[in-house]
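let's see this in three dimensions:
(one chain, ligands or ions: 1)
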Amino acid sequence: MCPEMKTITSIQALRATLDTARRDGKSIGLVPTMGALHEGHASLVRRSVSENDITVVSIFLNPTQFNDKRDLERYPRTLEADCALLESCGAQIAFAPSVEEVYPEPDTRTFSYPPTDAVMEGAMRPGHFNGVCQIVSKLFSYVEPDRAYFGEKDFQQIAVIRRMVDDLGFKLQMVPCPVVREADGLAMSSRNTLLSADERAIAPAIYAALKASQDFARSHSVDLTRQYVVSRINAIPGLRVEYYSIVDADTLLDVHAWTDAPAVVGCITVYCGQKPIRLIDHIHY
Ligand code: PAF
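Below you'll find the model as predicted:
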């Protein structure tokens, strides 16, 4: 499947390979993914390859983080193309286990890191971050990476995983990596391939509104800035804002004034089109 890169499907084989590498003093980077890889993932893999002796990329469509089963069913699956991309980026190991390998028994562990996992995506997708913590904690314990790479597109996910790393005492460095965008500003996402041509044409309006709101925010309150973004996006037929929260970048709690937190970020989720496809993005103020 991937001639140069090793593709491993069993946890035992992965551990054996990495134990040998670790004994040889090699550093290990982990890039967790759900497959359907794009240039955003490639940027994480290249960064890991440049900073570690061995880069492991997990490809596992984790069922426990999908609260909406239709979303899981239609999630793109492109293993052959994924392996080709990983190989071209210089990854040494693709770890692509089956669901039975990862969850021989249902995972009954619960993770709770409020407020980070309770707001925004946590409120809209009950159980989502619990599933993310279940799989990421498993991957961390299989791989025991020195560094783990996550895209900042999933801004809230990084905040939750940081809490879990502190809580469980994983000895690794979290490496958040910048959002990679299409030329028209749309944040790269595996879900973008599900957009029709018409939906793809309107989707960049999300980032355009966020960008414009940075200027608007210089002379307006948090609340007016929030309303500005929501009304600008909702004015476009085919787009509907689910939430736009302007929050403390660390706690993810709403701010009411720009001075309420040292770093403020706006996080948005928008439904695009008829199906509809759920798109997320964020902007720093
Ligand atoms: O961001 C993702 O693709 C997933 O949530 C992750 C971190 C790979 C866990 O399944």
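
where do the strands of the protein begin and end?
For the chain, the strands defined by DSSP state E occupy 6-8, 28-33, 54-59, 93-95, 147-151, 173-177, 239-248, 264-272, 277-284.

pLDDT (mean, whole number) over the first one?
Taken as a whole, strand 6-8 has a mean pLDDT of 97.

list the strands paired with it, with their directions.
According to DSSP bridges, strand 6-8 forms sheet pairs with strand 93-95 (parallel).

and the partner strand, what's its mean pLDDT?
Strand 93-95 shows a mean pLDDT of 98.

one more: stretch 150-161?
For stretch 150-161, mean pLDDT is 98.

ok, residues contacting that stretch?
Contact with stretch 150-161 is made by 32, 40-41, 43-44, 113, 116-117, 119-122, 129, 132-133, 136, 174-180, 187-189, 250, 252, 265, 267, 280-282, as judged by C-beta atoms under 8 Å, 6 or more residues apart in numbering. From N, CA and C alone the C-beta is placed, and that goes for glycine too.

show me what from this protein comes close to the ligand.
Listed as neighbours of the ligand in the chain under the rule C-beta under 6 Å from any ligand atom: 32-34, 62, 65, 132, 135-136, 154, 157.

returning to that earlier point: can you say which of the contacts of stretch 150-161 are buried?
Buried members of the contacts of stretch 150-161, scored by 16 or more other C-beta atoms under 10 Å, are 32, 40-41, 43-44, 113, 116-117, 119-122, 129, 132-133, 136, 175-177, 179-180, 187-189, 252, 265, 267, 280-282.

flag the shaky bits of the stretch 1-150 of the chain, pLDDT-wise.
Under the criterion pLDDT under 70, the flagged ranges of the stretch 1-150 of the chain are 1-3.

and the angle from the top helix by length along the chain to strand 54-59?
The residue-count maximum for a helix in the chain (DSSP state H) belongs to helix 128-143. Angle, helix 128-143 to strand 54-59, by axes from the mean of the first three to the mean of the last three C-alpha atoms, to 10 degrees: 140 degrees.

quick one: list the elements packing against helix 128-143.
For helix 128-143, the helices and strands in contact under the criterion 3 or more C-beta pairs under 8 Å, 6 or more residues apart in numbering; DSSP states H and E are helix 11-23, strand 28-33, strand 54-59, helix 121-124, helix 155-168.

burial count for the nearest residue to residue 138 once chain neighbours are set aside?
Of all residues not flanking residue 138 in the chain, residue 102 sits nearest, at 6.3 Å (C-beta to C-beta, 6 or more residues apart in numbering). Look at residue 102: counted by other C-beta atoms under 10 Å, it has 19 neighbours.

use 25 as the first number from now on
Yep, numbering from 25; the last one is residue 126 now.

a markdown table for the helices and strands packed on helix 152-167, including distance to residue 258?
As requested, these are exported to a markdown table (distance: least, C-beta to C-beta, whole Å):
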| stretch | distance to residue 258 |
| --- | --- |
| helix 35-47 | 46 |
| strand 52-57 | 32 |
| strand 78-83 | 36 |
| helix 145-148 | 17 |
| helix 179-192 | 22 |
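
next, the contact list for residue 302, please.
95, 215, 266, 293-296.

for residue 51, same thing?
75-78, 170-171.

let's see it at 6 Å
Counting by C-beta atoms under 6 Å, 6 or more residues apart in numbering, residue 51 touches 76-77, 170.

centroid-nearest residue for this protein?
residue 178 (3.9 Å; C-alpha atoms, centre = their mean).
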